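would you be able to build a 3D model of this:
(one chain, ligands or ions: 1)
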Amino acid sequence: MICKDKRCPFHAKLSTRGRIFEGTVKKISPGNRAVVEFPRVIYYKKYERYVRTKTRIHAHIPACLSNKIEEGSKVKIAECRPLSKMIHFVVIEIKK
Ligand SMILES: [Zn+2]
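You can find the predicted model right below:
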């Protein structure tokens, strides 16, 4: 299936580079934007403790993946060039 989305990493010239995360889709906003959340453990040096936190990242959903994504599905996102003020990640894979 070929999509006409210019911000598609598979069918358009959107290159991904940098970091890759896996997380759960918490919300799908209009305009093919997904809020992806994943747990993270950070270390507070001052208090000498590990703390569990969550990170939320806004990611663009390419048109060819948009009908396969639901809230709660696990996805893989990759860093790309900034697509808007909030979005500099794109969904590259859907896990079952
Ligand atoms: Zn595509």
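
need the contact list for Leu65.
By CB atoms under 8 Å, 6 or more residues apart in numbering, Leu65 lies in contact with Val91, Ile94. Every residue, glycine included, has its C-beta placed from N, CA and C.

repeat the analysis, applying 6 Å as the threshold.
Applying CB atoms under 6 Å, 6 or more residues apart in numbering to Leu65 gives the contacts Val91.

distance check, it against Tyr47.
Going from Leu65 to Tyr47 by CB to CB, to the nearest Å gives 41 Å.

what of His60?
Separation of His60 from Tyr47 (CB to CB): 37 Å.

tell me which of these two has more neighbours.
His60 (26 against 8; other CB atoms under 10 Å).

partners of the more buried one in the sheet?
Arg33, Val90 (DSSP bridges).

so it touches Leu83, yeah?
Yes - counting by CB atoms under 6 Å, Leu83 is a contact partner of His60 at 5.4 Å.

where does the residue nearest to His88 when sequence neighbours are not counted sit: helix, strand or coil?
Nearest in space to His88, with sequence neighbours left out and distances taken as CB to CB, 6 or more residues apart in numbering, is Pro82 at 4.4 Å. Following DSSP: H, G, I helix; E, B strand; the rest coil, the label given to Pro82 is coil.

to what extent is Pro82 buried, counted in neighbours?
10.

how close does it get to the ion?
Look at Pro82 and the ion: by CB to the ion, to the nearest Å, they are 19 Å apart.

double-check that residue against Phe89; I have them as touching.
No - using CB under 6 Å, Pro82 makes no contact with Phe89, being 9.7 Å away.

enumerate every residue touching Arg52.
Contact partners of Arg52, counting by CB under 6 Å, 6+ apart, are Val41.
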